[in-house]
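Trainee: Provide a 3D model corresponding to the input given below.
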Amino acid sequence: MVCVDTSFLVALIRRDPEAENLLENYVTTETKLTTTPITVCELFKGAYKSNKDENIRKVRKILTYLQISDFSVHACETYGRLVNELRLKGSPIGDLDAMIAAIALASGESLLTSDKEHFGRISGLTVRTW
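Mentor: Next up, the predicted model:
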């Protein structure tokens, strides 16, 4: 399973050819794709900020193809540990990204994102890019 981050979903919404090719590959190989409630919030925030009904419809449509991972107690604990590890190293990444990473880690999934700089700092998280 692969947890997709906001950056990948935005690329799909914008019809980025590389993102579309990767999605086609995942569909062909029957790779299960998930996302997080945090990512869903970020997508709707952007769609409503654009003030375009079309963007809101696109977000709703793309979400019908994804399983939304739970923000479980295990993910919350992972978040707490992760944020403090990064703080002690002097390399925090921001709460929303840390929550996304914690959910992927707790679910045992890799994370597909264009933000390798932030997510690459997280020990144990497999980061995929396109």
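Trainee: Leu112: what's it in contact with?
Mentor: 2-5, 8, 22, 128-130 (CB atoms under 8 Å, 6 or more residues apart in numbering). C-beta coordinates here come from the backbone N, C-alpha and C atoms, glycine included.
Trainee: could you tell me which of those residues are located in helices?
Mentor: 8, 22 (DSSP state H).
Trainee: from the contacts of Leu112, which land in strands?
Mentor: 2-4, 128 (DSSP state E).
Trainee: what's near enough to touch the nearest residue to Lys58 once chain neighbours are set aside?
Mentor: Computed as CB to CB, 6 or more residues apart in numbering, the closest residue to Lys58 that is not its neighbour in sequence is Ile13, at 5.0 Å. By CB under 8 Å, 6+ apart, the contact list for Ile13 reads 55, 58-59, 62.
Trainee: return the closest of the contacts of Leu112 with respect to His118.
Mentor: Of all the contacts of Leu112, His118 sits closest to Asp5, with 9.9 Å by CB to CB.
Trainee: what does the residue lying closest to that closest one once chain neighbours are set aside show for phi and psi?
Mentor: Spatial nearest neighbour of Asp5, chain neighbours left out: Thr113 (3.6 Å); criterion: CB to CB, 6+ apart. Phi and psi for Thr113, reported as degrees, to the nearest 10, are phi -160, psi 160.
Trainee: so which helix or strand of this protein has the lowest pLDDT on average?
Mentor: helix 116-119 (a mean of 92; mean pLDDT, DSSP states H and E).
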